[in-house]
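S.K.: attaching a predicted model along with its sequence, questions to come.
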2 protein chains.
Amino acid sequence: MATERIDATLTIAETSELTGLSPSTLRYYERIGLIDGVQRGPDGRRRYQAADLAWMAFLLRLRTTGMPIQGMLAFAELRRGGDATVRERLELLRRHQAQVRRRYEAVMRSLDAIDKKIGHYERLVEERDGDSGREA
Amino acid sequence: MATERIDATLTIAETSELTGLSPSTLRYYERIGLIDGVQRGPDGRRRYQAADLAWMAFLLRLRTTGMPIQGMLAFAELRRGGDATVRERLELLRRHQAQVRRRYEAVMRSLDAIDKKIGHYERLVEERDGDSGREA
DNA sequence: CCTTGCGTTGAAGCGCGCTTCAACTCGTAC
DNA sequence: GTACGAGTTGAAGCGCGCTTCAACGCAAGG
């Protein structure tokens, strides 16, 4: 209980824990401009705030849906541009949304074909074992 | 009509055209063992057959669903093992199938969140423009 | 005092999945 | 013969998204 902090900021280790992004990745994202305005303590260490966490959560959603870093960077730069860029941000997200849906339809078509192959192999295995369900 | 081929084999350029894999990628896949048993013409050039094309189509489905080359390679090696490996191939495909579905669900959850953000931006843009639908 | 732990930086390194390059070989056309 | 187009090989290179490394700083504890 000796070293309690009064404020609501997090160390890089805590932030890493919460977001699943490694400390190296957090520093990397900051270096390339994906994350910015991170506060520093008097010791020069990063102190992340709730708003930073929320932004990272959003970045993670973009990443999960397959947006490349360049795309996220474009969004981050628009965001820095303030209210004037809302329309552009909307368009960027819509394009991404459409692309994700297209891509996932393709994945689902391929997955269907793989499902069929699995069915084929299941029949093969069944024949090979005889039709006796299971044994021993 | 002078240089017609009698057989049903394809050059690397034709195969590339049909599969969407570049000639370099076709050679690369062969080099690492993803594709094998490719015939050669008397001139030493590759001559792809229907069976090769079918295998590539399957590889493409694995790739589209996000299987890394190491995974495809594992499958290719089992395939070379013949009938004895059918069960293992089945298991490999089932694991992949399950993984793709899990990943797809994660993507869809993130996409939902992005959809909400889009909704948010749409409301912002609407306000900013006034409620007058459109102008000029 | 010195060690320990947690952080900092800039630069280099890495695994993946191809792509590109340089040098060479064919078969065909002129 | 010469030039062209399509192919061959082994080796090197590349873009992406981090990760690792080396050297250092700083505050607390023993």
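M.R.: Cool, the structure landed. Numbers count the residues shown, from 1 in each chain, chains lettered A, B, ... in the order given.
S.K.: can you pull the residues of chain A lying near chain B?
M.R.: By the criterion of CB under 8 Å from any CB of the partner chain, the positions of chain A lying close to chain B are A:58, A:60-62, A:64-66, A:83, A:86-87, A:89-90, A:93-94, A:96-97, A:100-101, A:104, A:106-108, A:110-111, A:113-115, A:117-118, A:121-122, A:124-125, A:128. In this view, the C-beta of every residue, glycine as well, is placed from N, C-alpha and C.
S.K.: for the biggest helix by length in chain A, enumerate the helices and strands it packs against.
M.R.: Assignment by DSSP state H gives helix A:86-129 as the longest helix of chain A. Contact analysis of helix A:86-129 by 3 or more CB pairs under 8 Å, 6 or more residues apart in numbering or on different chains; DSSP states H and E lists helix A:69-80, helix B:50-64, helix B:86-129 as its packing neighbours.
S.K.: tell me if it is near DNA strand D.
M.R.: No. Under the criterion of CB under 7 Å from any atom of the strand, helix A:86-129 makes no contact with DNA strand D; the nearest approach is 12.9 Å.
S.K.: same check, this time on stretch A:13-28
M.R.: Yes. Residues of stretch A:13-28 are located near DNA strand D by CB under 7 Å from any atom of the strand, namely A:22, A:24-25, A:28.
S.K.: buried only: go through those residues for me.
M.R.: Burial by neighbour count, 16 or more other CB atoms under 10 Å in any protein chain shown: within the residues of stretch A:13-28 next to DNA strand D this picks out no residue.
S.K.: angle of the helix or strand hosting A:Arg31 against helix A:50-64?
M.R.: Assignment of secondary structure by DSSP states H and E places A:Arg31 within helix A:23-32. Here helix A:23-32 runs at an angle of 90 degrees relative to helix A:50-64 (axes from the mean of the first three to the mean of the last three CA atoms, to 10 degrees).
S.K.: coming back round to it: make JSON lines from the helices and strands packed on helix A:86-129 and add mean neighbour count, mean pLDDT and distance to B:Pro42 to it.
M.R.: As requested, those are exported to JSON lines (neighbours: other CB atoms under 10 Å in any protein chain shown; pLDDT from 0 to 100; distance: least, CB to CB, whole Å):
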{"stretch": "helix A:69-80", "mean neighbour count": "16", "mean pLDDT": "98", "distance to B:Pro42": "48"}
{"stretch": "helix B:50-64", "mean neighbour count": "17", "mean pLDDT": "98", "distance to B:Pro42": "19"}
{"stretch": "helix B:86-129", "mean neighbour count": "15", "mean pLDDT": "95", "distance to B:Pro42": "35"}
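S.K.: redo the residues of stretch A:13-28 next to DNA strand D as CSV? Include pLDDT and distance to A:Leu10.
M.R.: Written out in CSV, the entries for the residues of stretch A:13-28 next to DNA strand D read as follows (pLDDT from 0 to 100; distance: CB to CB, whole Å):
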residue, pLDDT, distance to A:Leu10
A:Ser22, 98, 15
A:Ser24, 98, 17
A:Thr25, 98, 15
A:Tyr28, 98, 18
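S.K.: switch those over to CSV; also include distance to B:Arg40.
M.R.: Listed next are those as CSV, based on distance: CB to CB, whole Å:
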residue, distance to B:Arg40
A:Ser22, 48
A:Ser24, 48
A:Thr25, 47
A:Tyr28, 47
